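*Asks:* no sequence on this one, just coordinates:
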């Protein structure tokens, strides 16, 4: 794990008003990769008691964006898709992993997977990000 990236991105998450209620905990981060844990709690559930699909999409999009940003750019989502394979039910938490499949000067592409506490694959997604500008400029 890259400790410098860990501190930088924990700060990013803590300043993102939309992400704060999710309570994302970074477990691993390095160039092109991030893994987080999100506790399943009532505020994130739908009427069936499953983690809401919009919440799962938000987690994946945020983590894919963090992974894309590890290449030194501020990024914004230009496209995203999610496949909901199984409901996030009967689990204490979910784990989201995001891997950059194609870093680019203008556009980066990232794959995300969400699994339950037992490692069962719940969701897959692919996201494209536009690189706004290099960090520090």
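*Replies:* Thanks, I have it. Everything quoted here is computed from the prediction, not taken from an experiment. Numbering: from 1, shown residues only.
*Asks:* could you look up the SS state of residue 60?
*Replies:* For residue 60, the secondary structure call by DSSP: H, G, I helix; E, B strand; the rest coil comes out as helix.
*Asks:* from residue 18, how far off is the residue lying closest to it once chain neighbours are set aside?
*Replies:* Excluding the flanking residues, the one nearest residue 60 by C-beta to C-beta, 6 or more residues apart in numbering is residue 112, at 4.0 Å. All C-beta spots, glycine's among them, are computed from the backbone N, C-alpha and C. Computed as C-beta to C-beta, to the nearest Å, the residue 112 to residue 18 distance reads 17 Å.
*Asks:* do the same with residue 68
*Replies:* From residue 68 across to residue 18, the span is 17 Å (C-beta to C-beta).
*Asks:* neighbour-wise, which of those two wins?
*Replies:* Higher neighbour count among residue 68 and residue 18: residue 68, with 29 against 8, using other C-beta atoms under 10 Å.
*Asks:* what residues sit buried inside the host helix or strand of the more buried one?
*Replies:* Using DSSP states H and E, residue 68 sits within helix 53-69. Buried residues in helix 53-69, counting neighbours by 16 or more other C-beta atoms under 10 Å, are found at 55-69.
*Asks:* residue contacts, residue 78?
*Replies:* Residue 78 makes contacts with 107, 128-130, as judged by C-beta atoms under 8 Å, 6 or more residues apart in numbering.
*Asks:* ok, and the most crowded of these?
*Replies:* residue 129 (28 neighbours).
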